[in-house]
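K.L.:
Quick one: sequence and predicted model below, then my questions.
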Amino acid sequence: MRKPIIAGNWKMFKTRDEAIAFIYKVSEAMPSIKEVDTVICAQAPMMRCLIKRQGENLRIGAQNLYYEDEGAFTGEVSGSLLNSYNVEYVIIGHSERRNYFNETDEMVNKKIKAALRNDLRPIVCVGEHLEERENNLTNQVLTTQIKGAFEGISAIEMEQIVIAYEPIWAIGTGKTATSEQANESCGYIRELVRELYGSIVADGIRIQYGGSVKPENIDELLAKEHIDGALIGGASLDPDKFIAMANAATKK
Ligand code: PGA
């Protein structure tokens, strides 16, 4: 039995006051942590003020971290700092980081290791470009990304990890993958994890779908066998929509 996980990725949106108003409104309306894990991943400087206000069943996560724990890396955020603020989750390898900030699978791997040694739970993003899907390269891309990301990560460490399958062509475009396409790719990722780590890890690991998820399509996506939750950008900025999507996951 995999507990669903609904995570909002706020990207570079919301001011401090807007974020606090959101957390006040949403915390009370979240489903029980026994049924669903809910997370909001916000810009790093907001973290402290949001954590002070988070309810038991709404976690605050980060959108990125650097792979060294300290040093002369101006502008970066360390896993040790996130840990000291009791941050629980951190998104790693989002396609926007891969595309605009040149993150490679090797960097994703180092960031996962940094997160794990600082007791953070990585939400590791993978997904293909449109041309790759059209050229039947989706599985090949996912294989390279998954093998690269988890190189040197043990089966026990995998228990801390959430994977988000996010086809790049569906992010922020309003084009959702069909629930069949999303389930097929999430199922493919689960089989890769099975090959690498065996069935206990593969059957336990949570795999989210992300890419234009909204209240209108979340039920159909979550009804699929291999989709254990959602990573939500645009629609997670609206408190009513986030509440609706978090509660939709209780039906899983
Ligand atoms: P979207 O973004 O829901 O706005 O498509 C998803 C994501 O980037 O994680």
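P.N.:
Nice, thanks for sending it over. Residues are numbered from 1 along each chain as shown.

K.L.:
how about the residues of the stretch 101-250 of the chain that lie near the ligand?
P.N.:
With the criterion set to CB under 6 Å from any ligand atom, the stretch 101-250 of the chain comes near the ligand through E166, I171, G172, G210, G211, S212, V213, L231, I232, G233, G234, A235. The way it works is simple: take the backbone N, C-alpha and C, and place the C-beta from them, glycine included.

K.L.:
wait, which of those is closest to the ligand?
P.N.:
G233 (2.3 Å; CB to the nearest ligand atom).

K.L.:
Now that closest one. Nearest residue, chain neighbours left out?
P.N.:
Beyond its immediate neighbours in the sequence, the residue positioned closest to G233 (CB to CB, 6 or more residues apart in numbering) is N9, lying 5.0 Å away.

K.L.:
What's the separation between that neighbour and the ligand?
P.N.:
When distances are taken as CB to the nearest ligand atom, to the nearest Å, N9 and the ligand turn out to be 4 Å apart.

K.L.:
that older thread, so which of the residues of the stretch 101-250 of the chain next to the ligand belong to strands?
P.N.:
Among those, DSSP state E puts G210, L231, I232 in strands.

K.L.:
Go ahead and name everything in contact with the longest helix belonging to the chain.
P.N.:
Determined from DSSP state H, the single longest helix within the chain is helix 179-197. Among residues not part of helix 179-197, those counted as contacts by CB atoms under 8 Å, 6 or more residues apart in numbering are 126, 138-139, 142-143, 146-147, 150, 155, 158, 163, 165, 167, 176-177, 201-203, 205, 207, 209, 211, 217, 220-221, 223-228.

K.L.:
Among the residues you listed, which lie within strands?
P.N.:
V126, I163, Y165, I207, Y209.

K.L.:
quick one: contacts for the second one?
P.N.:
Contacts here follow CB under 8 Å, 6+ apart; on that basis I163 touches I123, V124, C125, V126, I146, I189, V193, I205, R206, I207, Q208.

K.L.:
Need the per-residue pLDDT for the fifth one.
P.N.:
Translated: I146. Per-residue confidence for I146 comes out at a pLDDT of 98.
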